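Asks: Sharing a sequence plus its predicted fold:
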Amino acid sequence: MSAHVMGERESTARFGFWLYLLSDVMIFGALFATFMILRGGTAGGPTDADIIEPFPVLLQTLALLASSFTVAVAVLAARAGKLQTMKLYLWATFLLGATFLGLELAEFINLVGEGHSWRESAFLSSFFALVGTHGLHITIGLLWLVVWLAYYQKRGMNDGMQRRLGLFALFWHFLDIIWIWLFTIVYMFGVGV
């Protein structure tokens, strides 16, 4: 296959990935709008200030922001040919992302255990939908990372693997940006900061 055809394929794949991210922006935009509209629809149940516990959410935020740093270092290490460093930082990314997801699941389990499920009010439905959709994306990202690492272990590093790692890092940074918005709108505004 010629270099021109390979370049066109890579360009098409990158364009397709950007289209995917734009569709995710629209999904999250709709979820944010829904949350903002339904925030006051508590049906006599708890408000956001009643259910938000700032400390675990701060830990989640620190874990996810740290994972954004580790994935960036991993990409730089891969470009420099420091593959052991790359693997170390990718596993750190995985552990930090899994920590984030574990804290989010604990929050959901705690809320449902207290009787505050998505069925209680419009506010809680929109809360679980927005935060849960972000958590689903984190789960997909963690699975993607494990598959990438397994494939790397089997095949080694090449230009295609570099490109896939770059796309994963872009996806992961996108999730961080969404979390910053989510943290601000849902959690910080929720406790009146």
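Replies: Thanks, I have the structure now. The model shown is predicted, which means the values in this text are computed figures rather than measured ones.
Asks: Now for residue 26: which residues touch it?
Replies: Taking C-beta atoms under 8 Å, 6 or more residues apart in numbering, we find residue 26 in contact with no residue. C-beta coordinates here come from the backbone N, C-alpha and C atoms, glycine included.
Asks: That one and residue 33, how far apart?
Replies: 11 Å (C-beta to C-beta, to the nearest Å).
Asks: and if you look at residue 93?
Replies: Residue 93 is 30 Å from residue 33, where distance means C-beta to C-beta.
Asks: The two: which has the busier surroundings?
Replies: Using other C-beta atoms under 10 Å, the more surrounded residue of residue 93 and residue 33 is residue 93, with 25 against 12.
Asks: For the more buried one, identify the helix or strand it belongs to.
Replies: Per DSSP states H and E, residue 93 falls inside helix 83-113.
Asks: So for the strand or helix carrying residue 26, what gets flagged as buried?
Replies: Assigning secondary structure by DSSP H and E places residue 26 in helix 3-38. Buried positions in helix 3-38, judged by neighbour count with 16 or more other C-beta atoms under 10 Å: 24, 28, 31-32, 35, 38.
Asks: Ok, stretch 134-151 next?
Replies: Across stretch 134-151, burial judged by 16+ other C-beta under 10 Å covers 134-135, 137-138, 141-142, 145, 148-149.
Asks: Name the residues that touch it?
Replies: Residues outside stretch 134-151 that contact it (C-beta under 8 Å, 6+ apart): 24, 28, 64, 87, 90-91, 93-94, 97-98, 100-101, 104-105, 161, 164-165, 168, 171-172, 175, 178-179, 182.
Asks: Buried ones among these?
Replies: 24, 28, 64, 87, 90, 93-94, 97-98, 100-101, 104, 164-165, 168, 171-172, 175, 178-179, 182.
Asks: who touches residue 71 in this structure?
Replies: Counting by C-beta under 8 Å, 6+ apart, residue 71 touches 89-90, 93, 168-169, 172-173.
Asks: Now with 6 Å, please.
Replies: 93, 169, 172 (C-beta atoms under 6 Å, 6 or more residues apart in numbering).
Asks: for residue 89, same thing?
Replies: Contacts for residue 89 (C-beta under 6 Å, 6+ apart) come out as 70, 73-74.
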